[in-house]
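1. kindly return the folded structure for what I paste below:
(2 chains)
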Amino acid sequence: MANYKLSINNKIVSVEADPATPLLWVLRDNLNLVGSKYGCGIAQCGACTVHLEGSPIRSCQFPVSAVEKNKIVTIEGLSANGQHPVQQAWADLDVAQCGYCQSGQIMAAAALLKKKPNPTDEDIDLAMSNICRCGTQVRIRKAIHLAAKKGGTK
Amino acid sequence: MSTDTMTSRRQFLKITSIAGGGMLIGFSFSGDASAATPDDAAFTPNAYIKIAADGTVTLIAPNPEIGQGVKTSLPLIIAEELCIDWKKMKVEVAPLSDKYGRQATGGSGAVRGRFEPLRKVGAIGRQILINAASQTWNVPAEECYAENSFIIHKPSSKKLSYGELAAKAATLPVPTDAPLKDPKDFKIIGTRIKDVDIDKIVTGKPLYGIDTRREGMMFAMVARQPAFGKKIKSFNDADALKVIGVKKVVQVKNSVAVVATSTWAAKKGREALHIEWEDAAKLESTSDHDNSYKEMLSKKAPSTARNDGDVDAAMTGAEKLLDVTYETPMVSHCQMEPLNFFADVRDGKAELYGPTQVPDSLRAQVAKELSLKPENISIGMPRQGGGFGRKLQPDNGVEAALISAAAGCPVQVQWTREDDMQNDFYRTSAMFRYKAGFNKEGLLAWHQSSASLGRGTNADTYPAGAIKNFRSESQGLTSNIATGPWRAPTHNILAFAAESFMDEVSQELKKDPIAYRLELLEKAKSEPVGKLSYEPEKFKSVINLVAEISNWGKPLPKDTYRGFATWYSFNTYVAQVVELKMISGKPKIQKVYCAVNCGRVVNLSGAENQMQGAVVDGIGHAMFGKLTFNKGAVIETNFDRYNFLRMRDTPLDVIVKFVPSEAPPTGLGEPGFPPVGPALANALFAATGKRYRKMPFEA
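-> Predicted coordinates:
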């Protein structure tokens, strides 16, 4: 066990954890930030996606010891009240079905728009490799385009 | 809460006043009056509409949401008749208190069957408020109407809010007559209503079973059978108990549970267990199943699901025969939220909270296993990260209860994806043999036969009734690998074989695939062969609509190809056109057109979402989904080996249109799935000249 000082959602927090613990479980079990979801544990499905210095990472395969001073943002810290253009677009288009994978989808989409404010369908194909069994990808694609139109880089 | 409860023997509705001047309307959410006993005293409502003095309307109902939108679509039916502002309505899931009575079963999106009863609940609520206003103003009730949470006196334009009327309404008798709205006046039903939880979903609020956190709760992981047919011989937990955070190790039936202070510690502890497994039954492999299916299909089936005319004679006299085999693999449910369950069993009581659609059977099993009184077991259901049939099995909840009882503490049992994949109740694999006999006049006979695990794939479905000589038979293979319902059970694989074969038959006859289906359905209507399990006119309604919206028959852009299929399941008719483009020799699906006849659409956004999702899901499983067993063990244990559709594989758009209908709403979560696989196979044939008879296509 070791002690880590992490920057999560613009706050410095202190956690006691085994160095190999994936960041996902530190967020969920130690910090009670349960918006990031467990789906596969092998960085395949993307339900656990968070931002590390603005880039999307799969937190289920990212050991807490590797976070160091890098700033982590989770779905809970993406915006104060769900006002991020991507969150708004998701709500406007009623994207979700079961909703479980959507926080990871939103984090992946927000990171894409930060890099490419006006993504093409090909950009979306490449960046959005998250799994959704409900099959909401058609609306996800539309929501990303909508968020881009409304200024998704915010 | 006051005690002056009034109950209507006929309506199964209870009106109660609440502290602070509001009213509570209790009713049976299942919409099934017979589920409640006609004995007034014994009737316990399981859902409530609370109208507070400040006018807030809250629906409290035990409706688990698993992704088909019932948490939104069912309340909006009540809101419509109650004439309230939907934006001001709150929807809460019933808390775990005993006062909320019997838990509802299911939750399988059954808007069908609840539509009229829930309208009635809303209408009675509206009528009580009208009666309260009419007494307050001393005017005839007929002169009053409801609008946007107000009762208005038409002649004088006086108005009173529901909040102002609630206290008085709570003292009035339940009206025996409450007229339903004329559907022409619907303001909410049929419009686009967002999921009631959408704001919580997009901000990552705790909503799911996996998010459960309770005082003193431990996390558990369970070592279960590594293969179907294996049994624990012995285990040693010394190393597991050395892992920091691990508190206890308990054996529960054929599994060993590690109870720890965090998920990660529980997982590490599980990895440190030494378990010796022994063979307790045959260890089956996929190749065993496939060999048995071949053998079964080469022989005459012992019984038939349907047998019209004389297929054997017609085949003998045929000038040409078509005889082909289709195959579908085993697949796992892969709901995105791996199974979990919270259980706190102590002092003769159990509190269970987690993802399930069968709380009643969960309660019965836990009562039996732990010798608890059913009334001492409470079950709460959070929003659920997908179901697709997996949550019709209560195993995850039962297991958690046993672990909590054995460990003596509240536990959250967390399954890994690998646990889910190895311990599922899978969609069975199947093999289908289809034969058709032709002469110069056309199709003489159709013979379909299937072999699968379990009971077999029963098949008295379309095109039965349209073909003079028709035989359908199925055979089941006994297996110790668990199978169970999976999105659109039976239809999910049967439609692939039937509608692919229909395309082959129409090609043989040199007929347009849509025109040929319409011709058959016309025959089924004008001169049906035996009993029909479908309505030809409704079938034709979706085929004609999809032909119209896709401009079927018009010239297509370069390298663009199409396939068509249609199917009827869960009382809903669906027809689809898949359009793909060949790009450097590889197919890329561009668009899917989808026409649906599901009776009246309750929530247009939800209904469209279900159809779009089923199409995408159907494409994913046709292209990629495949589970293989080697000696009882799953080979594709996670998404690195179990291929799943990604954004790059999805159509750019799925265009959904509903046939306008006044009929009661029918199922929507499943019927969109069956036709898309064959429509895709037929499009791939159009593009490549090759028949895709074995799923997955990208094997």
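
2. partner residues bridging B:Ile51?
-> With DSSP bridges as the criterion, B:Ile51 is bridged to B:Met23, B:Val57.

3. that one contacts B:Ser161, doesn't it?
-> No - under the criterion of C-beta atoms under 8 Å, B:Ile51 is not in contact with B:Ser161, lying 9.6 Å apart. For every residue, glycine as well, the C-beta is placed using N, CA and C.

4. neighbour count: the two, which is higher?
-> B:Ile51 (29 against 16; other C-beta atoms under 10 Å in any protein chain shown).

5. and the residue nearest to B:Lys468 when sequence neighbours are not counted, how far from chain A?
-> Nearest residue to B:Lys468 in three dimensions, chain neighbours excluded: B:Gly309, at 4.8 Å (C-beta to C-beta, 6 or more residues apart in numbering or on different chains). Using C-beta to the nearest C-beta, to the nearest Å, one obtains 40 Å as the distance from B:Gly309 to chain A.

6. B:Gly309 reaches B:Ala464, doesn't it?
-> No - look at B:Gly309 against B:Ala464 with C-beta under 8 Å: they stay out of range, at 11.1 Å.

7. what touches both of those two?
-> Common contacts of B:Gly309 and B:Ala464 (C-beta atoms under 8 Å, 6 or more residues apart in numbering or on different chains): B:470, B:529.

8. quick one, which of those two is more surrounded?
-> More crowded of B:Gly309 and B:Ala464, by other C-beta under 10 Å: B:Ala464, with 26 against 17.

9. element containing that one, please.
-> Per DSSP states H and E: B:Ala464 is located in neither a helix nor a strand.

10. pretty sure it sits against B:Leu520.
-> No - B:Ala464 lies out of contact with B:Leu520 (C-beta under 8 Å); the separation is 10.7 Å.

11. which stretches of the stretch 501-650 of chain B form strands?
-> B:560-569, B:572-583, B:586-597, B:629-630, B:633-634 (DSSP state E, counting those that start in this stretch).

12. chain A too?
-> Assigned by DSSP state E, chain A shows strands spanning A:2-8, A:11-17, A:49-52, A:55-58, A:71-73.

13. need the winner for burial among the ones you listed.
-> Counting by mean count of other C-beta atoms under 10 Å in any protein chain shown, strand A:49-52 has the highest mean neighbour count of those, with a mean of 25.

14. which elements pack onto that one?
-> On a contact count with 3 or more C-beta pairs under 8 Å, 6 or more residues apart in numbering or on different chains; DSSP states H and E, strand A:49-52 meets strand A:55-58, strand A:71-73, helix A:102-115.

15. compare the ones you listed and give me the one nearest chain B.
-> Closest approach to chain B among these is made by helix A:102-115 (4.5 Å; C-beta to the nearest C-beta).

16. run through the residues of the stretch 551-699 of chain B sitting next to chain A.
-> Contact residues (C-beta under 8 Å from any C-beta of the partner chain) of the stretch 551-699 of chain B with chain A: B:605-606, B:609-610, B:612-617, B:620, B:638-640, B:644-648, B:650-654.

17. for the closest residue to B:Gly245 other than its chain neighbours, give its distance to B:Val250.
-> Using C-beta to C-beta, 6+ apart and skipping the chain neighbours, the partner closest in space to B:Gly245 is B:Ala265 (2.9 Å). Here B:Ala265 is placed at a distance of 15 Å from B:Val250 (C-beta to C-beta, to the nearest Å).

18. what about these two, which has more around it?
-> Using other C-beta under 10 Å, the more surrounded residue of B:Ala265 and B:Val250 is B:Ala265, with 25 against 20.

19. tell me the angle of the helix or strand containing the more buried one relative to strand A:11-17?
-> In the assignment (DSSP H and E), B:Ala265 maps to helix B:263-271. On the basis of axes from the mean of the first three to the mean of the last three C-alpha atoms, to 10 degrees, helix B:263-271 is oriented at 20 degrees to strand A:11-17.

20. average pLDDT for helix B:263-271?
-> For helix B:263-271, the mean per-residue pLDDT is 98.

21. ok, now stretch B:477-497?
-> The model assigns stretch B:477-497 a mean pLDDT of 96.

22. which residue does the stretch 401-550 of chain B bring closest to chain A?
-> B:Arg417 (4.5 Å).

23. pLDDT value on that residue, please?
-> So B:Arg417 comes in at 98 (pLDDT).

24. check the one 5 residues further on too.
-> Per-residue confidence at B:Gln422 stands at 98 (pLDDT).

25. count the neighbours of the closest residue to it other than its chain neighbours for me.
-> Among residues not flanking B:Gln422 along the chain, B:Val634 sits closest, at 5.0 Å (C-beta to C-beta, 6+ apart). For B:Val634, the neighbour count with other C-beta under 10 Å is 25.
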